[in-house]
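K.L.:
I'd like to go over a predicted model; first the sequence, then the structure.
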Amino acid sequence: MVNWANFISQCFNGLVLGALLALISSGLTIIYGTLGVLNLAHGAMFMLGGYAGWLAYTYSGSFIVALIAGSLFVMLVGVVTERLIIRHFYSRPPEDQLLVTFGLGIVFVEAVRFFFGSLSKTTPPPALFQGITNLGFMFYPTYRLAALGIVAIALLALYFVLYKTRIGMIVRAGIEDSVMVDSLGIDVYKVFMLVFGIGAMAAGFAGIVNAPVVSIAPDVGEAILVQTFVVVVIGGVGSFPGAIIGGLIAGEIISITSMFNPAYSYVMLFIAMTLVLVLRPHGLLGTAGRE
Amino acid sequence: MAGFKSGNKGMDGFSRRRVLQLGAGVASATFIPGLGTIGWAYADDKPAMGTWPAGSQGDTVYIGAAVPLTGAYASSGEDERKGMELAVEHMNTNHELMKKIAPKVDKGVLGKKVALLSADSAAKPNQAVQAEQTFINQNKIILMTGSTSSAVAVALNKFAQREKILYVAAISGSNDTTGKDCVRYGFRQNFYGQTAAAAIGPVLIKQFGKNRKAAFMTPDYTYGHTVTKSVNDYLKENAGWEMVTNQVSPLGTQDFSQYLTNIANSGAEFLINVNWGRDAVLSSQQAKQFGILPKMKLVIPYQIPFLAKEVGPDITEGVFAATDFWWTLEDKYPLAKMFVDAFQKKYGYRPEWGAENGYISFAHWARMVSEAGSFYPPDVIKQYEKGETIPSLVGDVHYRPEDHQCVRPVIIVRGKAKKDMKNDEDFWEVLEVVPGEGLMQAPDAFGCKLGDYT
């Protein structure tokens, strides 16, 4: 089954999957980098984005509206969650933070199940991107190509915010040393709230973009959360470029391994993660000392 | 390190609680006059075992169901739980349908009300076993059920044999459940890999001829492997079909693009999708996104409840599938009609086959217990093992004493086009009801050894 057409197709699959993982992971990594909280509800944010987008689509019939309304909704959920709950856990031990975010994830998932049931919901791709495109070496779903573009734009936007704006500078400074940022007179709690909101929004946005590819169900975020952690570990905790590189590496490992034997694709992913941990314990682009 | 510490703490807490529970049990037993005597009375010919006799000494007997209410099989799990719930309600209220299957049911079973307890298994064996263990400790359940993943069914089979508590499988398609992993304490009503293959194979060969190329999609556990093997063996041996690729994916996969790319490049003419639950929904939808469907013909050897509802008739149109039950069988079987009507009245939709299997498995259990006149597990098992012909929702059936598998028909259906649907749940047309006898393997062909009664 190893032929060039298949190999290129699988590389392409890896790119699409990797881009999506990169976007979700960048949200997780900036939250952990800045707040020091490992957000186990991040998968639930991905899921909430999917449902919010689906609802918005159902009422408006527009994918653009779904994308905007859905991501803003998840950002709001992120901000409110940080303000009401996460904030009270900054000074508590990491076990408590893990437990509270894990619990929040369950609450979000079960609330959605309560209101919408377990049957999958489908958001169709926008009319412009329906159907299949002939790439010469293979036929590829047009929407997946579009999704690659949409995710790339979102990552660029995130890059712009993080690297070209004042607030981004503060966030990056917070990742390096939040105590120092605080002592410089910047209200670090406001920054934390915003970072949590932006991080959640990145996951939510990815959830909406993914909804036409993988129809949504309450558990949709569960599997993606594990892969996202792997990406963050590979890329380096707190590193935005690391999340992107880690995402692409993870996507390609999963896809290319599955060409030979799909059963080993996740094994290979974890082997890669282990190798990174052994050779570069802080991840490819991570640095020691980040919390 | 922190993880280890808290883990140990948890274990300590658990054993301390167990010690307290045991202590309380012993203390109360000492103070309840006469309890010791009852124990002795049974000890003569029927020694206490599992939750017997304690589980049937109150005015209510409990059934513990561990069904997937979350995860890839959640929608089917909820459906089967509803079927079970309806069966229990019918036992306690002398519903006409229950009386037709288990005539001696009289406002409960052997004078006891029946109550259903359910917990989420998430289709994970360890979680299912834990849930049942809790039910045993707290409620002394006398019957276990649950699965919708043969991995769970196999685990609960072994647990049932160890604990000496009866287990009736909920949806379980693996040959192993009543094959190499069969047990004396486990029973299965529904169809499985072998009977599915033997029923749908001839239909496919008749329809599409010999020497065709098929790609398989297989979930990576006992159900997937045995169903794929049975179907492939049948098509290969009887008509020279070739398996050009077998894409094995873990349970709960969401993005099937890597697998589908391999299939797109395989030269297959048929996509035989053994994936189940949400995995089947996603893989079928994505196969369409990749243009694999309708270019290849989709075949579903082991029907998935709600599949057509979730993916829509434009994917299921013309698709051949084997199943346990489809609601339009109400036109052929009066008991099926009574069941569909009662279910729809209570839950607002027509039951899928998970609900049917849950209902009928419970009804058969109620029949066996009430005919045996005893809750003593070996008595009930021996009643099943008489192999008597008994009613089901799809005609008369019986349980094989050698492997505890119900010999029952397999239903072959074909997906309807949207324009031919008479209502919004009229997705499938029943083509054939294939009698069970001719579909079964020899009882020892899959290595079943049932084990002991006590």
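P.N.:
Now that the structure is in, tell me what you want to look at. Numbering: from 1, shown residues only, chains lettered A, B, ... in the order given.

K.L.:
Can you tell me the centre-most residue of chain B?
P.N.:
What sits nearest the mean C-alpha location of chain B, by CA atoms, centre = their mean, is residue B:171, with 1.8 Å.

K.L.:
which one is that residue nearest to, not counting chain neighbours?
P.N.:
Nearest residue to residue B:171 in three dimensions, chain neighbours excluded: residue B:148, at 4.4 Å (CB to CB, 6 or more residues apart in numbering or on different chains). To be clear about C-beta, it is placed using only N, CA and C from the backbone, and glycine gets the same treatment.

K.L.:
what secondary structure does that neighbour sit in?
P.N.:
Classification of residue B:148 using DSSP: H, G, I helix; E, B strand; the rest coil returns coil.

K.L.:
re the thing from before, list the contacts for the residue nearest to the centre of chain B?
P.N.:
Listed by CB atoms under 8 Å, 6 or more residues apart in numbering or on different chains, the contact set of residue B:171 reads B:76, B:80, B:147-148, B:190, B:353-354, B:357.

K.L.:
what's residue B:183 in contact with, if anything?
P.N.:
Contacts for residue B:183 (CB under 8 Å, 6+ apart) come out as B:157-158, B:160-161, B:167, B:404, B:450-451.

K.L.:
how does it look with 10 Å?
P.N.:
Residues in contact with residue B:183 (CB atoms under 10 Å, 6 or more residues apart in numbering or on different chains) are B:154, B:156-162, B:167, B:177, B:403-404, B:448-452.

K.L.:
Can you flag the buried ones in the residues you listed?
P.N.:
Buried by 16 or more other CB atoms under 10 Å in any protein chain shown: B:154, B:156-161, B:167, B:177, B:403-404, B:448, B:450, out of the contacts of residue B:183.

K.L.:
what are the phi and psi angles of residue B:119?
P.N.:
Dihedral pair for residue B:119: phi -140, psi 160, per degrees, to the nearest 10.

K.L.:
How many residues are close by it?
P.N.:
18 (other CB atoms under 10 Å in any protein chain shown).

K.L.:
Spatially nearest residue to it, not counting backbone neighbours?
P.N.:
Distances taken as CB to CB, 6+ apart put residue B:131 closest to residue B:119, at 3.7 Å, once the chain neighbours are dropped.

K.L.:
Can you classify residue B:305 by secondary structure?
P.N.:
Per three-state DSSP, residue B:305 ends up coil.

K.L.:
So residue B:382 sits against residue B:401, correct?
P.N.:
Yes: Residue B:382 is within contact range of residue B:401, at 9.0 Å (criterion: CB atoms under 10 Å).

K.L.:
How about the residues of the stretch 151-291 of chain A by chain B?
P.N.:
Contact residues (CB under 10 Å from any CB of the partner chain) of the stretch 151-291 of chain A with chain B: A:210, A:212-224, A:227, A:251, A:254-266.

K.L.:
Point me to the helix or strand that includes residue A:105.
P.N.:
Using DSSP states H and E, residue A:105 maps to helix A:94-116.

K.L.:
touching chain B at all, whichever helix or strand comes after that helix?
P.N.:
Scanning forward in sequence from helix A:94-116 by DSSP H and E, the next helix or strand is strand A:132-134. Yes: Strand A:132-134 reaches chain B (CB under 10 Å from any CB) through A:132-134.

K.L.:
CA atoms only: put stretch B:61-81 into CSV for me.
P.N.:
Taking Å, rounded to 0.1, in the frame of the first residue of the first chain, the C-alpha atoms of stretch B:61-81 are listed here in CSV:
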residue,chain,number,x,y,z
VAL,B,61,-34.8,-7.8,43.6
TYR,B,62,-32.2,-5.6,41.8
ILE,B,63,-30.7,-5.8,38.4
GLY,B,64,-27.5,-3.9,37.7
ALA,B,65,-26.9,-2.5,34.2
ALA,B,66,-23.6,-1.1,33.2
VAL,B,67,-24.3,0.5,29.8
PRO,B,68,-22.3,3.2,28.0
LEU,B,69,-24.0,6.5,28.6
THR,B,70,-20.9,8.5,27.5
GLY,B,71,-18.3,7.9,24.8
ALA,B,72,-18.6,6.5,21.3
TYR,B,73,-21.5,4.1,22.1
ALA,B,74,-23.5,6.5,24.3
SER,B,75,-26.6,6.8,22.0
SER,B,76,-27.0,3.0,21.8
GLY,B,77,-26.4,2.6,25.5
GLU,B,78,-29.2,5.0,26.3
ASP,B,79,-31.5,3.2,23.9
GLU,B,80,-30.8,-0.2,25.4
ARG,B,81,-31.2,1.1,28.9
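
K.L.:
and residue 253, how many neighbours does it have?
P.N.:
By default, I'm working from chain A. 24.

K.L.:
My question was about chain B, not that one.
P.N.:
By other CB under 10 Å, neighbour count at residue B:253 equals 23.

K.L.:
One more: residue A:90?
P.N.:
14.

K.L.:
In contact with it, which residues are there?
P.N.:
A:35-37, A:97, A:178, A:188-189, A:192.

K.L.:
quick one: it and residue B:318, what's the gap?
P.N.:
For residue A:90, the distance to residue B:318 equals 58 Å [CB to CB, to the nearest Å].

K.L.:
Now narrow the contacts of residue B:183 to whatever sits close to chain A.
P.N.:
Among the contacts of residue B:183, no residue lies close to chain A (CB under 10 Å from any CB).

K.L.:
interface residues of the stretch 251-400 of chain B facing chain A?
P.N.:
So far as CB under 10 Å from any CB goes, the stretch 251-400 of chain B lies against chain A at B:252-266, B:277-278, B:281-282, B:285-286, B:288-292, B:295, B:306, B:309-312.

K.L.:
In PyMOL, select just the buried ones from the residues you listed.
P.N.:
In PyMOL syntax, the buried subset of these is picked out as below (16+ other CB under 10 Å):
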select buried, chain B and resi 252+253+254+255+256+257+258+259+260+261+262+263+264+265+266+277+278+281+282+285+286+288+289+290+291+292+306+309+310+311+312
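
K.L.:
Just the ones of the residues of the stretch 251-400 of chain B next to chain A in strands?
P.N.:
Nothing among those maps onto strands, per DSSP state E.

K.L.:
Among the residues of the stretch 251-400 of chain B next to chain A, which are located in helices?
P.N.:
Here DSSP state H is the test, and these give B:257-264, B:277-278, B:281-282, B:285-286, B:288-289, B:292, B:295, B:309-311 as lying in helices.

K.L.:
still on that earlier bit, and the helix holding residue A:105, what does it pack against?
P.N.:
helix A:42-60, helix A:63-84, helix A:220-235, helix B:2-31 (3 or more CB pairs under 10 Å, 6 or more residues apart in numbering or on different chains; DSSP states H and E).

K.L.:
list the contacts for the residue of the stretch 51-200 of chain B found nearest chain A?
P.N.:
In the stretch 51-200 of chain B, the residue that lies nearest chain A is residue B:74 (3.8 Å; CB to the nearest CB). Residue B:74 makes contacts with A:113, A:117-119, A:217-219, B:67-68, B:120, B:122-123, B:148, B:277-278, as judged by CB under 10 Å, 6+ apart.

K.L.:
Show me just the buried residues among these.
P.N.:
Judged by 16+ other CB under 10 Å, buried ones among these: A:113, A:118-119, A:217-219, B:67-68, B:120, B:122-123, B:148, B:277-278.

K.L.:
following the helix or strand where residue B:151 lies, which helix or strand comes up?
P.N.:
Element membership of residue B:151, judged by DSSP H and E, is helix B:150-163. Next in sequence after helix B:150-163, counting helices and strands by DSSP H and E, comes strand B:166-169.

K.L.:
Since that was my last question, I'll sign off now.
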